[in-house]
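pasting the structure only:
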């Protein structure tokens, strides 16, 4: 089972050696590889990042809004709302957030090359966040400075950013419609606000 990233744990000022069961309970990532054919069917076999029909090999199912960014948003919300790790309310909020972010609206089938190149700028952005330097650089600038540069040059990166905004809008709408107890609703809403803030600071507002 996936675990909450250590970057997210640091963002929430959680103990460096947070027990594995706690990091597992706070993790939003779920295995989505088995959804490949269903995602392809819903997207009519078109890669949202290239706007072209996908090939037949080397394909991966990608979370359009990177889960690592959503987990950092959740972790920051745990700190600001003082939600208790391990509580029923926190567990319910995490489950609901995970459901929304692992649904078809936030999934795309793309090549392994694009998937790997896309992840790098997000990792660099979150690393900058921890040193409080994120606001000076947009996600596109980080993409241009690394392995994703070719994606910027050929227009793919622009479509990636558009897909991220659309996927997050759909997820946020879905989250707003879920019935939750007040404590869970507060944490979900705070996480949505944190995601929106992070996207804005990355130039995707």
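Thanks, I have the structure now. It should be emphasised that the depicted structure is a prediction, and the values quoted were computed from it without experimental measurement. Numbering: from 1, shown residues only.

okay, the nearest residue to residue 188 once chain neighbours are set aside and residue 99: tell me how far apart.
Among residues not flanking residue 188 along the chain, residue 93 sits closest, at 5.0 Å (Cβ to Cβ, 6 or more residues apart in numbering). Just so you know, the C-beta spots here come from the backbone N, C-alpha and C atoms, and that holds for glycine as well. Residue 93 sits 11 Å away from residue 99, going by Cβ to Cβ, to the nearest Å.

ok so, going back, just the element for the residue nearest to residue 188, please.
Using DSSP states H and E, residue 93 maps to helix 88-101.

need the strands for the protein, in chain order.
For the chain, applying DSSP state E gives strands covering 46-47, 52-53, 59-63, 107-111.

just these: most buried one?
Stretch with highest mean neighbour count among these: strand 107-111 (a mean of 22; mean count of other Cβ atoms under 10 Å).

what helices or strands is that one leaning on?
Packing partners of strand 107-111 (3 or more Cβ pairs under 8 Å, 6 or more residues apart in numbering; DSSP states H and E): helix 36-42, strand 46-47, strand 59-63.

okay, helices next: where are they in the protein?
6-11, 20-25, 36-42, 67-81, 88-101, 112-130, 139-145, 149-153, 156-176, 182-201 (DSSP state H).

could I get these in JSON lines, plus columns for distance to residue 57?
JSON lines is the format used below for the helices of the chain (distance: least, Cβ to Cβ, whole Å):
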{"stretch": "helix 6-11", "distance to residue 57": "32"}
{"stretch": "helix 20-25", "distance to residue 57": "32"}
{"stretch": "helix 36-42", "distance to residue 57": "12"}
{"stretch": "helix 67-81", "distance to residue 57": "25"}
{"stretch": "helix 88-101", "distance to residue 57": "27"}
{"stretch": "helix 112-130", "distance to residue 57": "10"}
{"stretch": "helix 139-145", "distance to residue 57": "25"}
{"stretch": "helix 149-153", "distance to residue 57": "20"}
{"stretch": "helix 156-176", "distance to residue 57": "19"}
{"stretch": "helix 182-201", "distance to residue 57": "32"}
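
JSON lines for those helices, including mean neighbour count, mean pLDDT and distance to residue 56?
Converted to JSON lines, the helices of the chain look like this (neighbours: other Cβ atoms under 10 Å; pLDDT from 0 to 100; distance: least, Cβ to Cβ, whole Å):
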{"stretch": "helix 6-11", "mean neighbour count": "20", "mean pLDDT": "58", "distance to residue 56": "35"}
{"stretch": "helix 20-25", "mean neighbour count": "15", "mean pLDDT": "61", "distance to residue 56": "35"}
{"stretch": "helix 36-42", "mean neighbour count": "14", "mean pLDDT": "96", "distance to residue 56": "11"}
{"stretch": "helix 67-81", "mean neighbour count": "23", "mean pLDDT": "91", "distance to residue 56": "26"}
{"stretch": "helix 88-101", "mean neighbour count": "20", "mean pLDDT": "95", "distance to residue 56": "28"}
{"stretch": "helix 112-130", "mean neighbour count": "18", "mean pLDDT": "88", "distance to residue 56": "13"}
{"stretch": "helix 139-145", "mean neighbour count": "19", "mean pLDDT": "94", "distance to residue 56": "27"}
{"stretch": "helix 149-153", "mean neighbour count": "16", "mean pLDDT": "96", "distance to residue 56": "22"}
{"stretch": "helix 156-176", "mean neighbour count": "18", "mean pLDDT": "96", "distance to residue 56": "20"}
{"stretch": "helix 182-201", "mean neighbour count": "19", "mean pLDDT": "95", "distance to residue 56": "33"}
